[in-house]
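# I would like the atomic coordinates for the input below:
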Amino acid sequence: MKTEDLIALMAKDAGTAKPLGPAFAGWLALGALASLLLLIVLVGLRPDIAVMIATPRVAFKITVTLLLAAAAILLARRVGEPGAALRPALLLLGLAVLVLLGGVAAELAALPRASWTQSLLGQHARFCMAAIPSLSLLPLAGLMLALKRGAPDHPALAGAGAGLAAGAAAAAIYAWHCPDDSPLFVACWYMLSILIVTLAGSLIGARALRW
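As a prediction, the model looks like this:
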């Protein structure tokens with residue numbers, strides 16, 4: 001094969017990767033909206049959310065999960081676009097983790113040691129571990145469809161990014177129902193649920209996003 005032919009072939013292959021743009025936002029929004037409606041129909045929002053959202057713990061839980069979701073979504077989009085810089089997304093993700101750790105530290109300082117275990121375990125850990133992965137399914141499917149357009153360089157990594165974003169978005173949705181408000185609970189069970197979705201996304205992406 002001549003050099004000119006090789007260059008032309010590479011250019012043709014590169015041309016198959018389409019900008020994520022509106023497709024990424026559209027599929028993500030559709031999946032997240034469907035998950036929110038699913039939450040409302042099946043279990044409903046927290047009955048006292050209008051009052052409790054003004055309390056420090058609930059406000060923190062809502063804020064930190066939204067921040068984590070925003071960072072994870074940005075990272076998923078950057079990973080899905082070959083050559084995109086990951087540093088801004090990683091910095092935002094690191095900030096979200098630091099905010100969560102700060103909340104955990106404040107909780108440990110405020111509570112007597114005897115209460116730590118109860119705050120960590122909460123009352124609905126098992127339901128949380130089932131709810132967040134379940135709510136992530138539709139956003140994950142949408143993100144996979146969107147990332148397929150971008151022809152990512154590393155399919156497994158892109159899939160992991162999609163899983164992280166879908167899991168974090170699902171956690172942010174579930175937080176509006178969850179009656180367990182401790183930062184310890186969020187740091188343990190929310191993060192573990194998101195990790196499961198991230199690993200699942202990596203396995204799916206390794207196959208589904210290969211090109």
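# neighbouring contacts of stretch 98-117?
Under the criterion C-beta atoms under 8 Å, 6 or more residues apart in numbering, residues Phe60, Thr63, Val64, Leu67, Leu68, Ser119, Ser182, Pro183, Leu184, Val186, Ala187, Met191 lie in contact with stretch 98-117. Yep, even glycine has a C-beta here, placed from its N, CA and C like the rest.
# closest one to Gly150 out of the residues you listed, please.
Distance ranking of those against Gly150, using C-beta to C-beta, places Leu68 first at 22.6 Å.
# run through the neighbouring helices and strands of whatever helix or strand the closest one lives in.
Assessed by DSSP states H and E, Leu68 sits inside helix 56-80. When contacts are defined as 3 or more C-beta pairs under 8 Å, 6 or more residues apart in numbering; DSSP states H and E, helix 56-80 packs onto helix 21-42, helix 87-110, helix 125-150, helix 155-174, helix 183-185.
# mind doing that once more with 7 Å?
Where contact means 3 or more C-beta pairs under 7 Å, 6 or more residues apart in numbering; DSSP states H and E, helix 56-80 is packed against helix 87-110, helix 125-150, helix 155-174.
# for the second one, which positions count as buried?
If you call a residue buried by 16 or more other C-beta atoms under 10 Å, then helix 125-150 has these buried ones: 125, 127-128, 131-150.
# if you count contacts, what does it end up packed against?
Helices and strands touching helix 125-150, by 3+ C-beta pairs under 7 Å, 6+ apart, are helix 21-42, helix 56-80, helix 155-174, helix 191-208.
# so which bits of the third one are buried?
Think helix 155-174. Within helix 155-174, the residues scored as buried using 16+ other C-beta under 10 Å are 155-174.
# could you do the longest one as well?
Judged by neighbour count using 16+ other C-beta under 10 Å, the buried positions of helix 56-80 are 57-58, 60-62, 64-80.
# ok, residues contacting that helix?
Contacts with helix 56-80, where a contact means C-beta atoms under 7 Å, 6 or more residues apart in numbering, come from 20, 24, 28, 52-53, 84-86, 89-90, 92-93, 96, 99-100, 103, 143, 147, 150, 152, 157-158, 161-162, 164-165, 168-169, 171-172, 175, 181-183, 186, 190.
# averaged pLDDT, it. What do you get?
Mean pLDDT, helix 56-80: 93.
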